[in-house]
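S.K.: Provided below are the primary sequence and the corresponding predicted coordinates.
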Amino acid sequence: MRAIRVASAALLGVAALSLTAPAAHAARADDITSFGFGVVPSTVAPGGQVLLHVDGCHRRTTVSSGVFDAVVIPRGHSSATATVDRDARPGTVYEVSFRCGDESGRTDLTIASGHPTHHPTHHPTRGSHAGAGGTVASFDPHEIGLGAALVAGALGVAWHRARRRPGEGDHS
């Protein structure tokens, strides 16, 4: 009986942790590449900023889309930012292409309604230009707090269930 309690507590913890992880987008079948790539966030308001990241590309990476100016992530760097055009139409899904050497991969960027949010210390006018790539990360304190609360709650429930003595709370 104790094994069932521990297993259910562990599953509850895993479920809580999976809710705090960012959503992953499945790659298209023809977009299998030797390098990883992505756009964060995957939904942004017109005029908002996105972080373009690449993993495992040991060359210069060119990122292009119909909704922002072409961006170059220099060799040795893993990310750059781009600013979405202010006239991008809400609800539209744009394709974002990453080109590393002879390989290319694509992902989608959805335009949301609302006003853009900008990183307080970084205000490019039309995206990064060649050689100006860098890492800019912004963390939302509300999302971090929610994730921490979910993890803490899951750990508390797991600890409580693991510490219960046989017979406590059994109604069978």
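M.R.: Perfect, thanks for sending it. Owing to the predicted nature of the structure, the values given are computational and were not obtained by experimental measurement.
S.K.: just the helices in this structure please.
M.R.: For the chain, applying DSSP state H gives helices covering 2-20, 141-163.
S.K.: Could you tell me the least trusted of those helices?
M.R.: Out of these, helix 2-20 stands lowest, with a mean of 53 (criterion: mean pLDDT).
S.K.: Can you give me the distance of residue 105 to residue 38?
M.R.: Using Cβ to Cβ, to the nearest Å, one gets 10 Å for the distance from residue 105 to residue 38. (Glycine included, C-beta is placed from N, CA and C.)
S.K.: just residue 76 next, same as before
M.R.: To residue 38, residue 76 is 19 Å away according to Cβ to Cβ.
S.K.: between the two, who's got more neighbours?
M.R.: For residue 76 versus residue 38, the count of surrounding residues by other Cβ atoms under 10 Å is larger for residue 38: 20 against 9.
S.K.: Verify the contact between that one and residue 53 for me.
M.R.: Yes: counting by Cβ atoms under 8 Å, residue 53 is a contact partner of residue 38 at 5.5 Å.
S.K.: Setting aside sequence neighbours, what's the nearest residue to residue 75?
M.R.: If you skip the residues right next to it in sequence, residue 75 has residue 60 as its closest partner in space, 5.0 Å away by Cβ to Cβ, 6 or more residues apart in numbering.
S.K.: no, scratch that, I was asking about residue 73
M.R.: Spatial nearest neighbour of residue 73, excluding adjacent residues (Cβ to Cβ, 6+ apart): residue 61 at 4.2 Å.
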